[in-house]
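Novice: here's my sequence, what's the structure:
(one chain, ligands or ions: 2)
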Amino acid sequence: MAPQKNKKDFMSEFRQDLVSGDWILLAPKRGERFGFKERAKVKLAKNKCPFENPAKFGNAPAVLVYQNKKKDDWFLQVIPNKYPAVGRGNCEPTHRKDLHKMHAGTGFHEIVIYRDHNRYLADFIADDIKNIAAAFQDRYKSLAEDKCIEYISIFHNHGKEAGSTVPHPHSQILAMPIIPPDVSHSINGSRRYFNEYGKCVHCQMLAQELKEGERVIYENNGMVVIAPFASRTNFEIRIFPKKHSAYFEKAGEQELAHLADALKFSLSKINKKLKDPAFNFFIHTAPAVKSRDYSHYHWHVEILPKFGIFGGFELGTGMDIITMAPEKAAEILRK
Ligand SMILES: [Zn+2]
Ligand SMILES: [Zn+2]
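Specialist: Ligands and ions are numbered 1, 2, ... in the order given. Below is the predicted model:
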């Protein structure tokens, strides 16, 4: 192949994630087909909404309630999911049956409901987002005490395309007895790097990103927001604490305030610059297994806007295709 003369001739590039080792394909030419995609607006009348008054809709009592003192109303409440993906069960370890490995679907599935029917996270003030993060920590610490639990996933779906079935704003917490595959990749990659170089791969990467600046979207005293080199969706965003720590649940008050500011910035940009697409975000933190050392890990938040639908290529290869170069995405979101 002839060498590429200038950027216009740039066809595509395979990129590998430094931590997980996973590859993606950046194919900007396909971007000619790229358009912003507003999420489908699902209408649900307040009087039919199961989250206006969860107890009245036959949900189990809340396990945590934060009050809005000014309004004499609740601000958020955490309830057990009425349709849980995992539930109470025995806690026996992973076992085999013939060739196959299995584990009982033991765990906890909770919903974090925000009071306002039509107020999305991007519209919350940073102080409220900080309280939400504190509620995540609160539930995390309680669930982590259960001896069956190995990993606690905290995530948020915005829009039907991102998997949200009730349009009333809410997040979810799923505590499970195994460590899921993407988390394993991330943890194992971080451990491998630490064993080889004696340093945290994320800290190294952040130092490099801050030096180059090309993929940095935002920065405050506690957090760095970047468009990852091997983004898995157009406009993927990751928020990293500057201070090395494996455990989200140990982040202090000041750090939560910095996180809330960075999250508010990121979600507002997605909302305004990308015209309110569906998105998911989740926290990657060290597993809740107390007997193992995860101090090499570096907790963070990943935000993935949802534009396309997985095709056979993605499913058949485990490799995502993006059309927006992360450097360009950072430039757009930074403004
Ligand atoms: Zn509602
Ligand atoms: Zn680190």
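
Novice: least trustworthy helix or strand in this protein by mean pLDDT?
Specialist: Among the helical and strand segments of the chain, the one scoring lowest on mean pLDDT, DSSP states H and E is helix 312-317, with a mean of 85.

Novice: and it, what's buried?
Specialist: Residues of helix 312-317 classed as buried: Glu314 (neighbour count, 16 or more other C-beta atoms under 10 Å). C-beta here means a position set from N, CA and C on the backbone, and glycine is covered the same way.

Novice: please save the CA atoms from that helix in PDB.
Specialist: The C-alpha trace of helix 312-317 is given here as PDB (Å, rounded to 0.1, in the frame of the first residue of the first chain):
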ATOM      1  CA  GLY A 312     -22.500  -8.800  12.700                       C
ATOM      2  CA  PHE A 313     -18.900  -7.500  12.500                       C
ATOM      3  CA  GLU A 314     -18.900  -6.200  16.100                       C
ATOM      4  CA  LEU A 315     -20.600  -9.300  17.500                       C
ATOM      5  CA  GLY A 316     -18.500 -11.700  15.400                       C
ATOM      6  CA  THR A 317     -15.200 -10.100  16.300                       C
END
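
Novice: for that helix, name the packing helices and strands.
Specialist: In terms of contacts (3 or more C-beta pairs under 8 Å, 6 or more residues apart in numbering; DSSP states H and E), helix 312-317 is packed against strand 320-322.

Novice: partners of the strand it packs on in the sheet?
Specialist: According to DSSP bridges, strand 320-322 has the following sheet partners: strand 23-26 (parallel).

Novice: can you pull out the strands in the stretch 201-335 of the chain?
Specialist: Listed in chain order, the strands found in the stretch 201-335 of the chain under DSSP state E, counting those that start in this stretch are 216-219, 223-226, 237-241, 278-284, 300-306, 320-322.

Novice: looking at those, which is closest to Ala175?
Specialist: Taking C-beta to C-beta, strand 278-284 is the member of those nearest to Ala175, at 12.8 Å.

Novice: average pLDDT for the closest one, rounded please.
Specialist: Rounded to a whole number, the mean pLDDT of strand 278-284 is 97.

Novice: top helix in the chain by residue count?
Specialist: helix 253-273 (DSSP state H).

Novice: quick check: beta-bridge partners of the residue positioned nearest the centre of the chain?
Specialist: Averaging the C-alpha coordinates of the chain gives a centre point, and the residue nearest to it by C-alpha atoms, centre = their mean is Phe282 (1.7 Å). Partner residues in beta bridges with Phe282: Phe155, Glu302, with DSSP bridges as the criterion.

Novice: just give the nearest non-adjacent residue to the residue in the stretch 151-300 of the chain that ligand 1 sits nearest to, would you?
Specialist: Ranked by C-beta to the ion, the top residue of the stretch 151-300 of the chain for proximity to ligand 1 is His168, at 3.4 Å. Leaving aside its sequence neighbours, His168 sits nearest to Phe51 (C-beta to C-beta, 6 or more residues apart in numbering; 4.1 Å).

Novice: that neighbour is in contact with Ile113, isn't it?
Specialist: Yes. With contact defined as C-beta atoms under 8 Å, Phe51 reaches Ile113; the gap is 4.7 Å.

Novice: any residues in contact with both of those two?
Specialist: Between them, Phe51 and Ile113 have 168, 170 as joint contacts when contacts are counted by C-beta atoms under 8 Å, 6 or more residues apart in numbering.

Novice: check contacts around the residue of the stretch 151-300 of the chain closest to ligand 1.
Specialist: By C-beta under 8 Å, 6+ apart, the neighbours of His168 are 44, 49-52, 113-114, 117.

Novice: 7 Å - rerun?
Specialist: By C-beta atoms under 7 Å, 6 or more residues apart in numbering, the contact list for His168 reads 44, 49, 51, 117.

Novice: in a helix, it, correct?
Specialist: No. Assessed with DSSP: H, G, I helix; E, B strand; the rest coil, His168 is coil; it does not lie in a helix.

Novice: distance check, Asp138 against ligand 2.
Specialist: For Asp138, the distance to ligand 2 under the criterion C-beta to the ion, to the nearest Å works out to 24 Å.

Novice: assign that residue to helix, strand or coil.
Specialist: Assigned by three-state DSSP, the conformation of Asp138 is helix.

Novice: that one contacts Leu64, doesn't it?
Specialist: Yes. Under the criterion of C-beta atoms under 7 Å, Asp138 lies in contact with Leu64, with a separation of 6.0 Å.

Novice: hang on, the earlier thing: near ligand 1, which of the contacts of His168 show up?
Specialist: 49, 51, 117 (C-beta under 5 Å from the ion).

Novice: closest one of those to Pro28?
Specialist: Within the ones next to ligand 1 among the contacts of His168, the smallest distance to Pro28 is 39.6 Å, found for His117 (C-beta to C-beta).

Novice: surely that closest one is in contact with Asn47?
Specialist: No. The pair formed by His117 and Asn47 falls short of the contact definition of C-beta under 7 Å, at 10.4 Å.

Novice: what does the stretch 101-250 of the chain put close to ligand 2?
Specialist: 200, 202-203, 244.

Novice: which members of the residues you listed are positioned in helices?
Specialist: Judged by DSSP H, those include 202-203 as members of helices.

Novice: quick one: which of the residues of the stretch 101-250 of the chain next to ligand 2 is most hemmed in?
Specialist: His202 (24 neighbours; other C-beta atoms under 10 Å).
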